[in-house]
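Visitor: Got a sequence here, can you build the structure:
(5 chains, ligands or ions: 4)
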Amino acid sequence: QAKDPIKLKVGMVAAVDMLALPIALERGFFEKYGLDVTIARPYATGVDALNALQAGETDMVQAGVPAIGAILRNMDLVFLGNFSGNATKLGSDATLALIANSDSGIIKGDLKSLKGKKIATSFGTINHLYILGLLEKAGLAPTDVTLINTPPPEMSVALLAKGVDAFVCWDPAPVIAMKDVPGAIEVIRGGDVISYLGFNIALRPWVEKNGATIEKFLAAVSEADQWMRKNPKQAAAIATRWIPGLKLDVAETAMQYNIQQVDRRISAHNYRALWKAQDTLQRLGVIKSVFDVNKHIEPKFILNVMNTYPDLFSDLQPIPADVAIKPGFVFKP
Amino acid sequence: MLHRLSSALWFCAPFIVLLVLWAVFIPYFDVNPRLFPHLSSVVQAGIEGIQDGTLIQHIKASLLRVAVGTVLALIIAVPLGVAMGVSPIVSSFLTPLFRFFSVLAGIAWIPIATLWFGYGFGAITFVIFNAVFFIVTYNTLLGVSTIPLHVRNAAASLGAGRWAMLTEVLLPGALPNIVTGIRTGLGFAWRGLIAAEMIATNVGLGYMLFVARDFYRTEVIVLGMIVIGVLWLLLDRLVLAPIERATIERWGMVQRA
Amino acid sequence: MKNLTIRNLSKTYFDPYAGTNVTAVHDVSLNVGQGEFVCIVGPSGCGKTTILNMIAGFIPHTGGEILVGGRPVKGPGPDRGVVFQSFALFPWRTVLENVAFGPKMRGVRKAEREKIAHEYLALAKLTEAAGRYPAELSGGMQQRVGVVRALANEPDVLLMDEPFASVDAQTRMTLQEELTRIWQEKRPTVIFITHDVAEAVFLANRVIALSKGRVLEEIDVDLPRPRSWDSLNDDARFKELSGRVRQLVRSA
Amino acid sequence: MKNLTIRNLSKTYFDPYAGTNVTAVHDVSLNVGQGEFVCIVGPSGCGKTTILNMIAGFIPHTGGEILVGGRPVKGPGPDRGVVFQSFALFPWRTVLENVAFGPKMRGVRKAEREKIAHEYLALAKLTEAAGRYPAELSGGMQQRVGVVRALANEPDVLLMDEPFASVDAQTRMTLQEELTRIWQEKRPTVIFITHDVAEAVFLANRVIALSKGRVLEEIDVDLPRPRSWDSLNDDARFKELSGRVRQLVRSA
Amino acid sequence: MRLTARWPSIGSIAPFIPVIAAWWIVTELQTFPRVFLPGPAEVVRSFGSLVYMGILPAYLQDSIVRLAVGAFWGIALGIPLGILVGLSQRARTALWPLLLFFQAIGDIAWLPILVIWFGYGLTTITVVIVYTVIFPVVLNTVLGVRSIPITLHRAAQSLGASRIRMLWEVVLPGALPNIVTGLRNGLGYGWRALIATEIIVGTSGIGFLMFDARRSGSVVEILLGMIILGILWYIVDSWILAPIERATGQRWGLVTR
Ligand SMILES: Nc1ncnc2c1ncn2[C@@H]1O[C@H](COP(=O)(O)OP(=O)(O)OP(=O)(O)O)[C@@H](O)[C@H]1O
Ligand SMILES: Nc1ncnc2c1ncn2[C@@H]1O[C@H](COP(=O)(O)OP(=O)(O)OP(=O)(O)O)[C@@H](O)[C@H]1O
Ligand SMILES: [Mg+2]
Ligand SMILES: [Mg+2]
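Guide: Ligands and ions are numbered 1, 2, ... in the order given. Next comes the predicted model:
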């Protein structure tokens, strides 16, 4: 590694599932693969991270659902890897949960008891998709409950103030609410109801010029993933340093759930997850059209990494043959 | 009648210029709709919103919230401003508190306001209240303290009690400033609303902007901005400006413009 | 009707910015009986308005005491009506409403108080201007509104600060005669500031000459009442008294 | 020094709220020669201030024309100095700075213009008050500041609106004598509004009596100059002229 | 009375005592779970640790610089604009409707579009602050200019003041009490806008501090941020604005108090 390391600027959002980036930085994985990475201080949301990407402030970001809106608005994004999700199975939502007030009449494990309740969720995000999935699973229509738009930081105070009967959110909000809101119950966590969306994303022109760098980057974060899966407690400690205000006990609990879907690989499942999210959003009327997922997912870099460094993925379940990406793969709904 | 028509036309003229510039320049330079939407797409978004009824719902909900928050703020701010202008004791007690609290942004209050006033309507109203309150108080205070002392003295020696002093002297005397306070305050009420409607609601112009932002629908964002601006203009022209003409201009307290 | 006692009154204005003091009134004592008409004369800046303001209760005094009807003055009140040197009309009220203000404060009904106001306006030849706002009046008209506004409230004590300074000679004479008429009818205690020596002698029971914040001399005016300009213009006693007062003011 | 020609001047105030018109000046014509001293008298509200405001260029006229030095008046200018009935001092400037304002606008250096201002202040017996702000002055003092502010600018035409109304008799006489002295020295054209008939006759070459917005009569004052109160007080011609003017005003 | 005369600061601290006491009691009574409404002690502790880590001083500096830049431009544009609109009938016809329209459209509504235009940097923050500061300043300046007695304009003109000098000699001092109130409102709300903007745009600053922690469920930093903002503004108001007021409007007798 005598050559000068390649400079790279990546953006993240302050959340436990983004943690591979700081881990790779702190533990020297980027250096190891010949990269000199700067992490832009956390953006408020995925939307902001994508805006920063567009503005040229970063080369690569990690984001989920907001990328759909951006692509529909002519942003030519390419999805290169998967920071949270699952390549081996269709459902992956271990970092999401539904928390209720015990006196709200909602019963732990009984999704049917949601009927007629007020539920907070963040509209247009994966939280929204998750509650819709839960309702479908319970055999309820979206109109059987009242959904209330709430940003993730306000979830627990909304629950405490009894402004809502329950909320659906990603970590750490559910963990915090269970700890801090008296009488909060976890109605369901995960349950493989939907597939999480979380991609490494870059703009197409940049991708076309920086194939080698992308592979180095994906290798480094894959190694960080693996380290995280093996050392969740240490990873949680790192999280508290990078995410201000995060308490260690909260971080440890959240990390347990997080590592269940830390899988950088891409399979047909990830294609389907993206397609499904668009489909749901379109049916909700939030978006008017959809794009072809084949155009915006570019698996060749991560596939190369998987071939070159199989050890980095050895602790994960192998990808079933029928969903593995082979040359000439085209996703069809 | 003709006079009013022409003044209304003059009032609209700057906007017409702006609209024309928009309609011409954005397509001419082929601006990406994510940067700024075309006039036509905003118009279309507006038509769709009206047709499916959502726009009207958003407007109704927002107007109600702004009205409640603003009226509450006025009810408290104007008397308080007067009290501070008249009584040195009240003023020396409240001035430090005002200095301290006047910069605390509405959104920062959301978690605390939720605890105190409940999630949803209470918190939203509080945020709007908070946006209007300080500006109106400060302007009322200034208005009261610029009333010439001899005018207040005249009223006192004609037998005006506290109440008459308030209604007959302090309020009309401070009116120019109160109107300006309301004018700026209401502007900030709309801003507070946008900030507050990200929580606890699925209807309202702020909510509309919030969701549009997540999906890069700039035409909806701009539509929302225009709707807010137009509502506000109507309010100003139909309520504040006539009040101003009938009072402070009529009385010769400000120069007629 | 109330009497007025002033004992060792002083007033020092303190200028917090320049850190300087201006002593406008020095140790002034004065007794004004019930229903007496006193005129104060003196050069510009000698403290006349300052004394009036203290009696009215607008500014605190820095020494001595003021008793109106035996009670110390605590603040302004409707028992002491004031005509201001600077008029002090309410810009947001029409002329009629300005004049009706005092009765309104006393709770007089609308029709009634407008009748009162109209009567007084007629007296000051302002009937035409009743519906205008103060900003639309000439200087002299504004001053007359100020005068009748105070009169219409029928106070026990009337404090008038150069009330006829901007009024033309003719109207002024009418107003002076009207004022004595009203005074004889209702007998308020009057303190009247003027620069016009003839006016002072014509109106007063007693003229007080001030100089640099001190009482220079008091002159009793023993002219018979009712007085009118027609009868007094060539009156020897009137001339003599006027001459004396003029002399005093000149020496001040 | 400029002459002044007024032809068929009229002014109607329009009240857009009440929809009413007040015609304050009707078809007034007047010629004032270079360096002439003209006094205008007339009852309160007869349009004196309105005429002055139009000459000064403050308000537009609704008929006729006004020529100053042969040119139509377009707006206010430093060639016409104005003393306001309402003083119009700058509250944010000290007395000295108020008086030095005109020279400052002409670009006179600071030391120089303060010297000028001090001279004029001494003339009005205001030396002590030089450093105070207008709000700290008595009414008469404010008025005198307004007068010397206009004088200090040495304008071609001086427009004075009841400049001595709030000044005591003694100071007033001094100021009147000073004014005639300055006038004889610099020979500005003066239009002087007053309610004091003796003052008008003492000062003027010509007295113009107004009534209800019209010129009633013009009276030439052929008293010799320099004039002083000592000599004029018992002057028969002065008495006669004063009597005539008083008669006129009374009939107005 | 005597005490406050000797140490005037006591007078300004005293009003906060009941506020802090109430806060302390409410948290001690555990009306709300402590994590949602932390007490004074927790806030002080977090203050200590943030200062110790050097985060707070650095963030504070960033925020102050941003505000200063924004406020500077807001004032530099706002006062002249206000004077122009206040004085010129033509400018008023052309600009007044636009001013009213855009003042209602809050900074937060612009934010999504601004970040696309200017990115996540100082430019966006500056634009937002300028946008917030400018309206109260302009509207108050307009009122101030219009309420200067017409005789003062006339006096200055007939003493030979040119149009330009009128600005400095008459218009500016005459409108000053209103301008200061405009600044007070504008700058105060500028702080609020800064906070709102730093949440989204900032990668440092007090607003960022408050909300970065909030995302992980912590309220202490919100309270801490509010207190810091309040104190900072207190200093700006009482050390800059209030002295200006005392030295001008009050000194000149334009404002009674
Ligand atoms: N701005 C105005 N709007 C309407 N009417 C006005 C206005 N200014 C003056 N007037 C009216 O015009 C008439 C003449 O007023 P002007 O001020 O010229 O009188 P004047 O002769 O100066 O009286 P005075 O001696 O009392 O000062 C009055 O009837 C007055 O009410
Ligand atoms: N608010 C004030 N602050 C400081 N000094 C003042 C104030 N008001 C008046 N003075 C001063 O007090 C003195 C007396 O003023 P006052 O107004 O009583 O005079 P006056 O006798 O009414 O004069 P005039 O006949 O001119 O109205 C003057 O020297 C004046 O400058
Ligand atoms: Mg006086
Ligand atoms: Mg006049």
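
Visitor: Only C-alpha atoms from now on, for both contacts and neighbour counts.
Guide: OK.

Visitor: residue in chain C nearest to ligand 3?
Guide: C:Thr49 (4.1 Å; C-alpha to the ion).

Visitor: Tell me the confidence at that residue?
Guide: pLDDT for C:Thr49: 94.

Visitor: secondary structure element for it?
Guide: Taking DSSP states H and E as the criterion, C:Thr49 maps to helix C:48-56.

Visitor: Can I get that helix as PDB, trimmed to CA atoms?
Guide: The C-alpha coordinates for helix C:48-56 follow below in PDB (Å, rounded to 0.1, in the frame of the first residue of the first chain):
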ATOM      1  CA  LYS C  48     -44.600  78.600  35.100                       C
ATOM      2  CA  THR C  49     -45.400  75.400  33.200                       C
ATOM      3  CA  THR C  50     -43.300  73.400  35.700                       C
ATOM      4  CA  ILE C  51     -45.400  74.700  38.700                       C
ATOM      5  CA  LEU C  52     -48.600  74.000  36.800                       C
ATOM      6  CA  ASN C  53     -47.500  70.500  35.900                       C
ATOM      7  CA  MET C  54     -46.800  69.800  39.600                       C
ATOM      8  CA  ILE C  55     -50.200  71.100  40.700                       C
ATOM      9  CA  ALA C  56     -51.700  68.900  38.000                       C
END
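
Visitor: Quickly check: stretch A:154-163 near chain B or not.
Guide: Yes: remark: stretch A:154-163 sits within contact range of chain B at A:154, A:157-158, A:160-163, by C-alpha under 8 Å from any C-alpha of the partner chain.

Visitor: pull the longest helix from the chain.
Guide: By default, I'm working from chain A. Determined from DSSP state H, the single longest helix within chain A is helix A:211-230.

Visitor: wrong one, chain E
Guide: Max-length helix for chain E by DSSP H is helix E:55-87.

Visitor: who touches the closest residue to ligand 4 within the stretch 151-257 of chain E in this structure?
Guide: Nearest residue of the stretch 151-257 of chain E to ligand 4 (C-alpha to the ion) works out as E:Thr151 at 13.1 Å. Applying C-alpha atoms under 8 Å, 6 or more residues apart in numbering or on different chains to E:Thr151 gives the contacts D:84, D:88.

Visitor: hang on, the earlier thing: against which helices or strands is the helix or strand following the longest helix of chain A packed?
Guide: Reading on from helix A:211-230 to the C-terminus, the next helix or strand found by DSSP H and E is helix A:232-242. On a contact count with 3 or more C-alpha pairs under 8 Å, 6 or more residues apart in numbering or on different chains; DSSP states H and E, helix A:232-242 meets helix A:20-26, helix A:248-258.

Visitor: between the ones you listed, which gets nearest to E:Ala71?
Guide: helix A:20-26 (36.2 Å; C-alpha to C-alpha).

Visitor: Please state the offset of the closest one from the chain centre?
Guide: Chain-centre distance of helix A:20-26: 17 Å, with C-alpha atoms, centre = their mean, to the nearest Å.

Visitor: ok, residues contacting it?
Guide: For helix A:20-26, the surrounding residues in contact (C-alpha under 8 Å, 6+ apart) are A:12, A:30-31, A:37, A:39, A:83, A:220-225, A:228, A:235, A:238, A:242.

Visitor: Rebuild the helices and strands packed on helix A:232-242 as a markdown table, extending it with mean neighbour count and mean pLDDT.
Guide: Listed next are those as a markdown table, based on neighbours: other C-alpha atoms under 10 Å in any protein chain shown; pLDDT from 0 to 100:
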| stretch | mean neighbour count | mean pLDDT |
| --- | --- | --- |
| helix A:20-26 | 21 | 90 |
| helix A:248-258 | 21 | 90 |
